[in-house]
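Visitor: Take a look and give me a structure for this.
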Amino acid sequence: MDDRAIGRAAFLGVVGAGMAGLFFARDATGLLGRILPDQVAAIVPTRGWRIYTIGPSIPRIDPASYRLTIAGAVEHETTFTLADLHRLPTAQQVSDFHCVTGWSVDDVHWRGVRFADLLAQARPLESAVTVRFVSDEVPYDDTLTLAQALSPDAMLAYGMDGKALTAAHGFPARVVMPRMYGYKNVKWVTRIELETNYDRIGYWEQRGYDKDAWVGRSNGAATVY
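Guide: The predicted structure is shown next:
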């Protein structure tokens, strides 16, 4: 597939009307390029992927200086290096990835750590109910309930398809939540905050997306995947 710049912000204007076909037809019509806000773009689509950014470029994080902090409603604020993450119990799975704008990538091989193992050292308080993931791509963030984050197929991934994550796919670490649309799968995660209420909503929810992004059961488009 040829490299080209496209975007997903236009989905907000059409999802309620069920016009998912617009996204599959974009190569012929060029329509998305005309209505896409400048601050959102998709870069280097390969093997079915479209890599979205809300800024002008993909974050580039030095693996040696990378730190992941877990804070908020926890007994012990904890910071991990990338090497620390690799020392935690390793989880692997094969799952599909679905974007809310209508494309999917099947059978993605993920490698990383389950959130139960990641959060164990910080010890979430009994009052913690929500997990907020903060991206190095400011101001991108999103949330899962603690119960959702502890799902058996949810993880913080640092590898994909037998290799380390690339910068485009979220290196050094990204959320994988296969049963939810891709905007919940926060890339370039540098901070995780445990919170005691359900009120916070993420970057795309503030712009009209559903808070619970279940594939096929949210965002007014049950067949968009």
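
Visitor: if I look at Gly102, how far off is Lys187?
Guide: To Lys187, Gly102 is 20 Å away according to CB to CB, to the nearest Å. For every residue, glycine as well, the C-beta is placed using N, CA and C.

Visitor: Touching, Ala164 and Tyr158? I think so.
Guide: Yes. With contact defined as CB atoms under 8 Å, Ala164 reaches Tyr158; the gap is 6.7 Å.

Visitor: Of these two, which one has the most company?
Guide: In this view Ala164 and Tyr158 are compared by other CB atoms under 10 Å, and Tyr158 has more residues nearby, 21 against 14.

Visitor: Now do the SS call for the more buried one.
Guide: Following DSSP: H, G, I helix; E, B strand; the rest coil, we place Tyr158 in the strand state.

Visitor: does it really touch Arg111, like I thought?
Guide: Yes. Contact criterion CB under 8 Å: Tyr158 and Arg111 qualify, at 6.7 Å.

Visitor: so what's the residue nearest the centre of the chain up against?
Guide: By CA atoms, centre = their mean, the mean C-alpha position of the chain lies nearest to Asn185, the distance being 1.8 Å. By CB atoms under 8 Å, 6 or more residues apart in numbering, the contact set of Asn185 is 97, 174-177.

Visitor: Could you pick out which of these are located in strands?
Guide: 97, 174-176 (DSSP state E).

Visitor: Show me the domain layout of this structure.
Guide: 1-57, 59-198 (automatic domain parsing).

Visitor: any idea which of those domains is most buried?
Guide: Each of those was scored by mean neighbour count; the highest is domain 59-198, a mean of 18, by mean count of other CB atoms under 10 Å.

Visitor: quick one: Asp212 and Gly202 touch, right?
Guide: No. Asp212 is beyond contact range of Gly202, at 11.3 Å (criterion: CB under 8 Å).
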